[in-house]
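Peer 1: output the structure for:
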Amino acid sequence: MSKIKFLSLVLIFVSFKIYALVPYKAVYDLYADTNLGKYNIGVADFILKVRDDEYTYSTNAKTKSMWSALYKFSRYEKSAGTNTYNQFISSTYSISEQLGDNTEKNIQIDFFPEKNYATYNNKKKWKITPGTLVDELSVYLALSQDIQNNPSIKKFTYQVALEDKVKFQTFFITGLESINLNDNLIETIIVSCPDLNLTLKLSKEHNFLPVYISKVNKKNNFIMVLSSFELTS
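Peer 2: Numbers count the residues shown, from 1 in each chain. Coordinates of the predicted model:
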């Protein structure tokens, strides 16, 4: 990252020194970027609820009705945990995924950090280590907090619960980009995680929420772009 870009990144944080976990609702347009073109195939709702140091974060993604005949898909995720002294600790993470009329995934991960393990669908046990513990959903919250509170750091490593394992993942700040979002030009911080084939663009104007999420899955690239954002109570 050049000195000019790094200075610009630091200036973004001047008026935001302490991250506040604020409840919100965000709606994204869901795109599939395939060999045949880029298509707006659905929507995804993200809802964050906060009570004291506890949070519940959920997302519900589904294809539009016009696509249902060709590709009917829905995915619901929910993460719950605590954020104490700027440290996120997941307690549960669940995934329910439907393809057509069939249930493709039904996953429940429960975390027992005091005993250093997690369970998968109440059976399989995974070893975990003390410290920050997030999942594929709450990692967005951890990044928003840590990037804002530590503007000089260029990479962040978390213990992340994925669908089939718990593994340390490193996220890199790769630069800044001005993007057009709902006819407004906004400055974003680009974050990438090569191991997850994931690219995020975080916006200060949206409490450092990712306003752009790109995930490569096999041959297809799925993209979510923020369409609306509101703080809730």
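Peer 1: how about Ile107, nearest residue that isn't a chain neighbour?
Peer 2: Distance criterion C-beta to C-beta, 6 or more residues apart in numbering; nearest residue to Ile107, sequence neighbours excluded, is Ile95 at 4.4 Å. To be clear about C-beta, it is placed using only N, CA and C from the backbone, and glycine gets the same treatment.
Peer 1: quick one: contacts for the one you found?
Peer 2: For Ile95, the contacting residues are Arg75, Tyr76, Glu77, Lys105, Asn106, Ile107, Glu163, by C-beta atoms under 8 Å, 6 or more residues apart in numbering.
Peer 1: do that again at 6 Å, thanks
Peer 2: The contact partners of Ile95, by C-beta atoms under 6 Å, 6 or more residues apart in numbering, come to Glu77, Lys105, Ile107.
Peer 1: and the first one, what helix or strand is that in?
Peer 2: When secondary structure is defined by DSSP states H and E, Glu77 falls within strand 73-84.
Peer 1: is it true that Ala61 touches Asp45?
Peer 2: No: applying C-beta atoms under 6 Å as the test, Ala61 and Asp45 come out as separate, 7.8 Å apart.
Peer 1: could you list every helix and strand in contact with the strand holding Glu77?
Peer 2: Applying 3 or more C-beta pairs under 6 Å, 6 or more residues apart in numbering; DSSP states H and E, we find strand 73-84 packed against strand 54-63, strand 87-99.
Peer 1: reformat the contacts of Ile95 as JSON lines; add pLDDT.
Peer 2: Listed next are the contacts of Ile95 as JSON lines, based on pLDDT from 0 to 100:
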{"residue": "Glu77", "pLDDT": "96"}
{"residue": "Lys105", "pLDDT": "91"}
{"residue": "Ile107", "pLDDT": "95"}
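Peer 1: only the buried subset of these, as a PyMOL command please.
Peer 2: Selection of buried members from the contacts of Ile95 for PyMOL, criterion 16 or more other C-beta atoms under 10 Å:
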select buried, resi 77
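Peer 1: same list (the contacts of Ile95) but as a markdown table, adding distance to Tyr158.
Peer 2: What follows is the contacts of Ile95, written out as a markdown table (distance: C-beta to C-beta, whole Å):
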| residue | distance to Tyr158 |
| --- | --- |
| Glu77 | 17 |
| Lys105 | 22 |
| Ile107 | 19 |
